[in-house]
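1. structure for the following, please:
(one chain, ligands or ions: 2)
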Amino acid sequence: MPRFAARRTVSETDWAGTQVRRVEPAPWPLFLRWWEDVWEPGQHVALIGPTGQGKSTFAVGVLRLRKWVIALDAKGGDDTLAASGFKPIKAWPPPSKIRDEIAEGKPARLIMTGTTRTKRDMGKLVALMHEAIEGARAEGGWTVYADEFQILADRRMFGLDVPVEQMLISARSAGSSVVTSFQAPAWVPKAGTRQASFIVMLKTGDVGMIQKVSEASGRSWQELRDALGELPKYYVLVIPQDIHAPMVCTKADKVA
Ligand SMILES: Nc1ncnc2c1ncn2[C@@H]1O[C@H](COP(=O)(O)OP(=O)(O)OP(=O)(O)O)[C@@H](O)[C@H]1O
Ligand SMILES: [Mg+2]
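-> Ligands and ions are numbered 1, 2, ... in the order given. Have a look, this model is predicted:
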């Protein structure tokens, strides 16, 4: 493991005389070098945070480390995803040119996106995403990014909860990773956080949310509350499922 001096938790006494545990922020390039080493194929990541805090920005940043990526854009035209350079595709399996490139070992960064204004458009996008998830699961080696998982999982919307959950459960052995992003842990099936090797949280004071993550990650909620309370805007707290591994704090580079 590379040296990672910034990966530290320090205890301090705040103005009120209480002990506050603070996680030292790591510069993004240093964080990425460490993350590349610890984020193994088949390991999942759950990103949890309120809207506009930088979930998609963090996801796009870490997905650069993966060669074969499928992004599911539940919002249809999310600005951050649109700026990320992913190639929109309209069918699964992808066109033969892309398949040939993959066979040659070249990277592929694909996005399933589209309008969802009419029932027909919605139906087409749902079917496309469904096929892509199943296809990626069968092939192995992909990293699937389920942006706004609570919308993808909602049965009144995309209804993709079952295929994504199946992927979360079975993908490990196939070396496929799933990165899910959602706004609160209560909104999604438990598998989203339970199966995650890393939970990545953005700043929140929501005690219920901190409690849920504390249960899912085996960390004390006071420790999480302290660390999250100290987070500046756009910073994330990376919580490894391995409770012996320290928590890490960093801020992704803005997507151009
Ligand atoms: N690390 C960052 N550095 C600088 N600006 C950032 C960073 N992360 C996010 N931003 C700013 O905040 C905006 C929203 O970021 P992003 O789309 O990543 O958030 P989100 O949590 O995915 O929000 P949403 O819930 O709307 O999808 C970006 O357009 C960008 O301007
Ligand atoms: Mg987003």
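
2. I'd like to know which elements the strand or helix carrying A146 is packed against.
-> Assigned by DSSP states H and E, A146 belongs to strand 143-147. If you count contacts as 3 or more CB pairs under 8 Å, 6 or more residues apart in numbering; DSSP states H and E, strand 143-147 packs onto helix 55-63, strand 68-73, helix 119-139, helix 161-174, strand 177-182. Glycine gets a C-beta too; all of them are placed from N, C-alpha and C.

3. tell me the bridge partners for the one residue sitting closest to the centre of the chain.
-> Centroid-nearest residue in the chain: V179, 3.6 Å away (criterion: CA atoms, centre = their mean). Residues in a beta bridge with V179, per DSSP bridges, are V45, Y145.

4. which residues of this protein lie near ligand 2?
-> K55, S56 (CB under 5 Å from the ion).

5. ok, A59 touching D147?
-> Yes - at 6.9 Å, A59 counts as touching D147 under the criterion of CB atoms under 8 Å.

6. what are the boundaries of the strands in the protein?
-> In the chain, the strands defined using DSSP state E lie at 9-13, 19-23, 25-26, 44-48, 68-73, 87-88, 108-112, 143-147, 177-182, 196-202, 235-240, 248-251.

7. distance to ligand 1 and mean pLDDT added to the ones you listed, as a markdown table?
-> What follows is these, written out as a markdown table (distance: least, CB to the nearest ligand atom, whole Å; pLDDT from 0 to 100):
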| stretch | distance to ligand 1 | mean pLDDT |
| --- | --- | --- |
| strand 9-13 | 22 | 51 |
| strand 19-23 | 17 | 56 |
| strand 25-26 | 12 | 90 |
| strand 44-48 | 8 | 93 |
| strand 68-73 | 10 | 96 |
| strand 87-88 | 18 | 94 |
| strand 108-112 | 14 | 96 |
| strand 143-147 | 7 | 95 |
| strand 177-182 | 7 | 92 |
| strand 196-202 | 7 | 93 |
| strand 235-240 | 8 | 95 |
| strand 248-251 | 5 | 94 |
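
8. in TSV: these, plus distance to G229.
-> Output for the strands of the chain, formatted as TSV (distance: least, CB to CB, whole Å):
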stretch	distance to G229
strand 9-13	12
strand 19-23	8
strand 25-26	14
strand 44-48	16
strand 68-73	31
strand 87-88	39
strand 108-112	35
strand 143-147	26
strand 177-182	21
strand 196-202	12
strand 235-240	10
strand 248-251	12
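
9. for L32, find the nearest of those strands.
-> strand 248-251 (8.6 Å; CB to CB).

10. report how many residues lie close to the residue in the stretch 1-150 of the chain positioned nearest to ligand 2.
-> Nearest residue of the stretch 1-150 of the chain to ligand 2, counting by CB to the ion: S56, 3.2 Å away. The criterion is other CB atoms under 10 Å. On that basis, S56 has 25 neighbouring residues.

11. if we can go back for a sec, what's the most buried one of the helices and strands packed on strand 143-147?
-> Mean neighbour count (mean count of other CB atoms under 10 Å) peaks for strand 177-182 among the helices and strands packed on strand 143-147, with a mean of 27.

12. now it and strand 68-73, what's the angle there?
-> Computed by axes from the mean of the first three to the mean of the last three CA atoms, to 10 degrees, the angle separating strand 177-182 from strand 68-73 equals 20 degrees.

13. off-centre distance for strand 177-182?
-> Taking CA atoms, centre = their mean, to the nearest Å, one finds strand 177-182 lying 4 Å from the centre of the chain it belongs to.

14. can I get that strand in PDB, CA atoms only?
-> Extracted C-alpha coordinates of strand 177-182, given in PDB (Å, rounded to 0.1, in the frame of the first residue of the first chain):
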ATOM      1  CA  SER A 177     -18.400  -3.200  -9.300                       C
ATOM      2  CA  VAL A 178     -21.500  -1.100  -8.700                       C
ATOM      3  CA  VAL A 179     -21.300   2.500  -7.600                       C
ATOM      4  CA  THR A 180     -24.700   3.700  -6.300                       C
ATOM      5  CA  SER A 181     -25.500   7.300  -5.400                       C
ATOM      6  CA  PHE A 182     -28.500   8.300  -3.400                       C
END
